[in-house]
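*Asks:* I would like to see how this sequence folds:
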Amino acid sequence: MNKTVSQRETIESQILRMMQSGDRSFLDLLYKEYGPILFKITLGIVKSREEAEDVLQDSLVKIWKNASRFDGMKAKLLTWLVQITKNTALDYVKSKASKKASVTDTMAGKPIVEAYGVSTQNEDFIGLKEVIHKKLEKRDQDIVNLLYFQGYTQKEVAEELSMPVGSVKTRVRYTVNQLRTYLKN
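*Replies:* Reported below is the predicted structural model:
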């Protein structure tokens, strides 16, 4: 059922009167009239139907809290509603991305995690100290200590030990294989 322009204006006028008088039930009428439009906007931004419903709910709360601030001289009601809804959805997407980034960044940037996918731990804590000191040459112990337990990059290890980066990479590969073999037995 399509509404005529005058019917739509009458509903909008009624919503505005209710908003201005502090009648909080304007939200029911507003949702009935503009809910589908606002939902489509929200869904287009957040992409998930369930999340869009939550974000639309948050938008309606913001609209309700800011109803007294609406100025019909500055914008039409629908424009104001769309702006609040769009901003709420964009804020949600940014917040979600930020939360996701902070979870994945907790160990990001640590050389051991980037290179080998394991966490940096003290060798005493993980029980490798004795194995490392018994089974590895001093140079390889130093490489393992700097690279895995102190968070150095391969380039930094090479500079610290005055070795070519290629030699560090070779020693790391050899040492890891040696430790792997020892730990299997």
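*Asks:* quick one, helices of the chain?
*Replies:* Along the chain, counting by DSSP state H, helices occupy 5-21, 26-46, 49-65, 77-104, 111-116, 123-126, 129-135, 138-144, 154-160, 165-184.
*Asks:* mind giving me the domain split of the chain?
*Replies:* 5-103, 111-184 (automatic domain parsing).
*Asks:* State the distance from L38 to T181.
*Replies:* Remark: distance between L38 and T181 (C-beta to C-beta, to the nearest Å) = 63 Å. (Glycine included, C-beta is placed from N, CA and C.)
*Asks:* pretty sure L30 is touching S59, no?
*Replies:* No: in this structure L30 lies outside contact range of S59 using C-beta atoms under 8 Å: 10.8 Å.
*Asks:* ok, of the domains of the chain, where does mean pLDDT dip lowest?
*Replies:* With a mean of 73, domain 111-184 has the lowest mean pLDDT of the domains of the chain.
*Asks:* re earlier: got JSON lines for the helices of the chain, with distance to D71 and mean neighbour count too?
*Replies:* JSON lines is the format used below for the helices of the chain (distance: least, C-beta to C-beta, whole Å; neighbours: other C-beta atoms under 10 Å):
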{"stretch": "helix 5-21", "distance to D71": "11", "mean neighbour count": "14"}
{"stretch": "helix 26-46", "distance to D71": "16", "mean neighbour count": "17"}
{"stretch": "helix 49-65", "distance to D71": "14", "mean neighbour count": "16"}
{"stretch": "helix 77-104", "distance to D71": "8", "mean neighbour count": "14"}
{"stretch": "helix 111-116", "distance to D71": "52", "mean neighbour count": "15"}
{"stretch": "helix 123-126", "distance to D71": "62", "mean neighbour count": "12"}
{"stretch": "helix 129-135", "distance to D71": "70", "mean neighbour count": "13"}
{"stretch": "helix 138-144", "distance to D71": "67", "mean neighbour count": "17"}
{"stretch": "helix 154-160", "distance to D71": "59", "mean neighbour count": "17"}
{"stretch": "helix 165-184", "distance to D71": "64", "mean neighbour count": "14"}
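*Asks:* these two touch, right, Q178 and K135?
*Replies:* Yes: using C-beta under 8 Å, Q178 is in contact with K135, at 6.6 Å.
*Asks:* what residues are shared contacts of the two?
*Replies:* Shared contacts of Q178 and K135 (C-beta atoms under 8 Å, 6 or more residues apart in numbering): none.
*Asks:* L16 touches A75, doesn't it?
*Replies:* No: the criterion here is C-beta under 8 Å, and L16 misses it with A75 at 12.0 Å.
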